[in-house]
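Visitor: Make a model of this:
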Amino acid sequence: MTKIAGRLGRVAVSSDGGTTFFEVAGITDMSLSAAQAELNATAHDSGQFEEFISGRKDATLDLSLLWDEDDPGQNVITEAFTSATRIDVRFRMQEKLTAVEFLAKAIVTGYSPSAPNDDIATADVTLRVSGDYSFASQV
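Guide: Just a heads-up that it's a prediction; the model follows:
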């Protein structure tokens, strides 16, 4: 099994339908959380064990950033939050031909800039996937 350094991860965003992606600069942490709901399908004739089927999927992408208002990627996120519009998101654990990437459309549901007195300015962002998403091979 190949180990991948977390620092190789990348997120890129697009506001033009996925034609032009801008890499988000200043990422200090990123986390993709995808889930699938479970639906209880237990009936009287299920016996003593509960039965479940798969329900809907959802996902969020959380980013911790070093604030950079000159970064085009961060600006796409800021504009999407301000205008309440969906953006295209590309999440990669590494940039490598045929490596897996996550592709989705998302809305910005969390946007928290921070300017501490004795530290660097940061922002925490939550992107909520809206609609379907896919895991695909990078090309």
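Visitor: Show the model's pLDDT score for the residue sitting furthest away from the middle of the chain.
Guide: In the chain, the residue that sits farthest from the middle, by Cα atoms, centre = their mean, is D45; the gap is 41.0 Å. Per-residue pLDDT puts D45 at 92.
Visitor: Distance check, it against G9.
Guide: 48 Å (Cβ to Cβ, to the nearest Å). Backbone N, C-alpha and C define where each C-beta goes, glycine included.
Visitor: Then G26?
Guide: 13 Å.
Visitor: now swap in V129 and tell me
Guide: To G9, V129 is 17 Å away according to Cβ to Cβ.
Visitor: May I see the buried residues of whichever strand or helix holds I107?
Guide: Under the criterion of DSSP states H and E, I107 resides in strand 100-114. The neighbour-count check on strand 100-114 (16 or more other Cβ atoms under 10 Å) flags E101, F102, A104, K105, A106, V108 as buried.
Visitor: What residues are bridge-paired with the last one?
Guide: Same thing as V108. With DSSP bridges as the criterion, V108 is bridged to L127.
Visitor: List the contacts of it.
Guide: Counting by Cβ atoms under 8 Å, 6 or more residues apart in numbering, V108 makes contact with I77, A80, F81, I87, V125, T126, L127, R128.
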